[in-house]
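Colleague: Build me a structure from this.
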Amino acid sequence: MFVKKKYQMKNLSSKLVLVFTLSILLLSCKSDDSGDSAIDPHAENLKVLGASAEDILSDDIYKNINIEIAYATGFRPKDETLTLFRTLLENRLNKPGNIHFIETEITTPLDSSLTLDEIKNLESTHRTEYTSGNDIAVYIYFANGNSSNDTSTSVTLGTAYRNTSIVIFEKTLLELQISQGSDLLVLEATTTQHEFGHILGLVNLSDDDIHPTNHEDTAHPNHCVVENCLMYFESTNFRSLRGKTSVPEFDALCIADLQAKGGK
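Modeller: Here you go, the predicted model:
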């Protein structure tokens, strides 16, 4: 009303009034849009699984990788598990000398069952390392609970659920060590490395067409057809791991896939 009255007093034409009013409206829309489109500082770590495979494997954009090892009090992974995991990273990632582990202890009530939404909320609350500058970050949480998807006949040992996010159900691993006589190191190391393989886009998870050989098990999507491969669908089946004393490795087909995306 004020704008219209002001220009009437100056005897401007109704056409000029309309143009001015429209310009005010356009400026208002621009201002509103800029407010709504504020960049989420954590957006690089909120993508779909496999989306950051090339960024993690190569040094084209990110020269360093920060691995946040988060764990509930009393559920820290074994030192040997972390040593084996670091060896895998050094062997497959092009981040020479720039692989950093950061530990975060989380004090939470013991939760017997965790949904994926609860796991995501815990990450949102406690995660400290995010992708920024020359550093890409991955978050791995060793939980003091079981998966809410567990049944009387099957359990979940770990899940990769975003492009840089993994949960390992450490409580389940500890229970299997007791009830099944399983080797905790083999359980931990195999599960951690297998889930990280999914973060690296294995198998056919990344949103690109760089796949030298089609080695996906169509009966078990996103897993490798080779039975002794780390990415075989039963590699993290606790029954298959019972009695094992070593961690399976990536087979030649998976390695070729990783190399095609900038890895070693």
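Colleague: so how far is residue 250 from residue 264?
Modeller: In this view, residue 264 and residue 250 are 11 Å apart by CB to CB, to the nearest Å. Glycine gets a C-beta too; all of them are placed from N, C-alpha and C.
Colleague: Compare these two (neighbour count), which wins?
Modeller: Here residue 264 and residue 250 are set side by side on neighbour count (other CB atoms under 10 Å), and the busier one is residue 250, at 23 against 13.
Colleague: Just give the closest residue to the more buried one, not the sequence neighbours.
Modeller: Computed as CB to CB, 6 or more residues apart in numbering, the closest residue to residue 250 that is not its neighbour in sequence is residue 230, at 5.2 Å.
Colleague: Which pLDDT value goes with the one you found?
Modeller: Looking at residue 230, its pLDDT is 97.
Colleague: Helix or strand next in line after the worst-scoring helix or strand of the chain on mean pLDDT, which one?
Modeller: With mean pLDDT, DSSP states H and E as the measure, the helix or strand of the chain carrying the lowest mean pLDDT is helix 14-36 (a mean of 37). Remark: after helix 14-36, the chain's next helix or strand is helix 53-57, criterion DSSP states H and E.
Colleague: Packing partners of that next one?
Modeller: Helices and strands in packing contact with helix 53-57 are listed as strand 135-142; criterion 3 or more CB pairs under 8 Å, 6 or more residues apart in numbering; DSSP states H and E.
Colleague: got the contact list for the strand it packs on?
Modeller: By CB atoms under 8 Å, 6 or more residues apart in numbering, the residues outside strand 135-142 that reach it are 44-45, 52, 55-56, 61-72, 75-77, 106, 119, 122-123, 127, 129-131, 164-168, 170, 192, 195-196, 199.
Colleague: Can you tell me which of these are classed as buried?
Modeller: With neighbours counted using 16 or more other CB atoms under 10 Å, the contacts of strand 135-142 contain these buried positions: 44-45, 52, 55-56, 62-72, 75-77, 106, 119, 122-123, 127, 129-131, 164-168, 170, 192, 195-196, 199.
Colleague: Now for residue 132, how many residues are close by?
Modeller: By other CB under 10 Å, 14 other residues sit near residue 132.
Colleague: For it, name its beta-bridge partners.
Modeller: Applying DSSP bridges to residue 132 yields these beta-bridge partners: residue 135.
Colleague: got a pLDDT number for residue 41?
Modeller: Residue 41 is assigned a predicted lDDT (pLDDT) of 82.
Colleague: contacting residues around it?
Modeller: The neighbourhood of residue 41, defined by CB under 8 Å, 6+ apart, consists of 130, 132.
Colleague: State the distance from the nearest residue to residue 50 once chain neighbours are set aside to residue 40.
Modeller: What sits nearest to residue 50 in space, not counting adjacent residues and going by CB to CB, 6+ apart, is residue 205, at 3.2 Å. Counting by CB to CB, the gap from residue 205 to residue 40 is 23 Å.
Colleague: So for those two, which residue has more residues nearby?
Modeller: For the pair residue 205 and residue 40, the greater number of neighbours falls to residue 205 (20 against 8), based on other CB under 10 Å.
Colleague: could you list every residue that touches residue 62?
Modeller: Going by CB under 8 Å, 6+ apart, residue 62 touches 55-56, 95, 131, 134-136.
Colleague: Closest to residue 221 out of those residues?
Modeller: Using CB to CB, residue 56 is the member of the contacts of residue 62 that lies nearest residue 221, at 21.1 Å.
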